[in-house]
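Novice: The sequence and its predicted three-dimensional model are supplied below.
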Amino acid sequence: MRVDLFAPSLGLYGLYWFYQNWSLYRPYFSKPIWAIPRAVFSIFFTHSLFEEIDKHLKLNNKDYAWKPNIEATLYVVVTIIGNIANNMSQSNVLFPYTDIISLLYIFILLSPLVKAQQAINTLSDDPAGSSNSTYTVANFIWIALGVIWWGLIIIGFATLIQT
């Protein structure tokens, strides 16, 4: 999966990323796994997904140095802070700082997701991620929508700053 689509899509690609990962792990569980709710409510399931990835790395004797619990906690805490900042920015509380925080948190979230994806790639015997190194039409659609979205945000900021 392409974590590099996370920022251009303003984090929306994260839903797909979590959904796909839970869908791929579904066969390894003895109980039913609902991938869509786990993706939508990812802050409640990030720790278990990262722990599952780490467990399979260890079971398969794959060497990847990361701290899944810390990475998951970083993802959850930054997501919560970003959502609070986003809600505050919609109410014009502490403008423009909450607006800036509500956008910058997307880039901070990349770190734990990149580490998790690298762990997944290592588990798949593809540490460089070369099996998913080309962009598809769907990827270009995500990017195009993201560029439009980011452009509108920049225009909105420029308009607010000028007034």
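Specialist: Yes, it's here.
Novice: Tell me where the chain is predicted with low confidence.
Specialist: 1, 163 (pLDDT under 70).
Novice: Show me which parts of stretch 43-56 are buried, residue by residue.
Specialist: 45-47, 49-50, 52-54 (16 or more other Cβ atoms under 10 Å). All C-beta spots, glycine's among them, are computed from the backbone N, C-alpha and C.
Novice: which residues touch that stretch?
Specialist: The set of residues external to stretch 43-56 that reach it, using Cβ atoms under 8 Å, 6 or more residues apart in numbering, is 18, 21-22, 25, 28, 38, 62, 66, 68-69, 71-73, 75-76, 79-80, 112, 116, 119-120, 123.
Novice: Now find how far off-centre that stretch is within its chain.
Specialist: 13 Å (Cα atoms, centre = their mean, to the nearest Å).
Novice: same thing with stretch 135-154?
Specialist: On Cα atoms, centre = their mean, the centre of stretch 135-154 falls 16 Å from the chain's centre.
Novice: Show me just the buried residues among the contacts of stretch 43-56.
Specialist: Buried, going by 16+ other Cβ under 10 Å: 18, 21-22, 25, 38, 66, 68, 71-72, 75-76, 79, 112, 116, 119-120, 123, out of these.
Novice: Inside helices: which ones of those?
Specialist: Those of the buried ones among the contacts of stretch 43-56 mapping onto helices are 18, 21-22, 25, 38, 68, 71-72, 75-76, 79, 112, 116, 119-120, 123, per DSSP state H.
Novice: Can you tell me how far the residue nearest to N69 when sequence neighbours are not counted is from S111?
Specialist: The spatially closest residue to N69, leaving aside those adjacent along the chain, is H47, at 6.7 Å (Cβ to Cβ, 6 or more residues apart in numbering). H47 sits 16 Å away from S111, taking Cβ to Cβ, to the nearest Å as the criterion.
Novice: Report how many residues lie close to N139.
Specialist: 16 (other Cβ atoms under 10 Å).
Novice: before we move on, back to that, if we take the buried residues of stretch 43-56, which one ends up nearest to M88?
Specialist: Using Cβ to Cβ, T46 comes nearest to M88 of these, at 23.1 Å.
Novice: mind listing the helices for the protein?
Specialist: So, for the chain - with DSSP H - the helices run 13-25, 35-40, 42-59, 68-90, 97-123, 137-162.
Novice: right, so of these, which gets closest to V3?
Specialist: helix 97-123 (4.7 Å).
Novice: mind listing what's buried in the closest one?
Specialist: For helix 97-123, a neighbour-count test (16+ other Cβ under 10 Å) marks 98-99, 101-103, 105-106, 108-110, 112-113, 115-123 as buried.
Novice: Sweet, I'm off.
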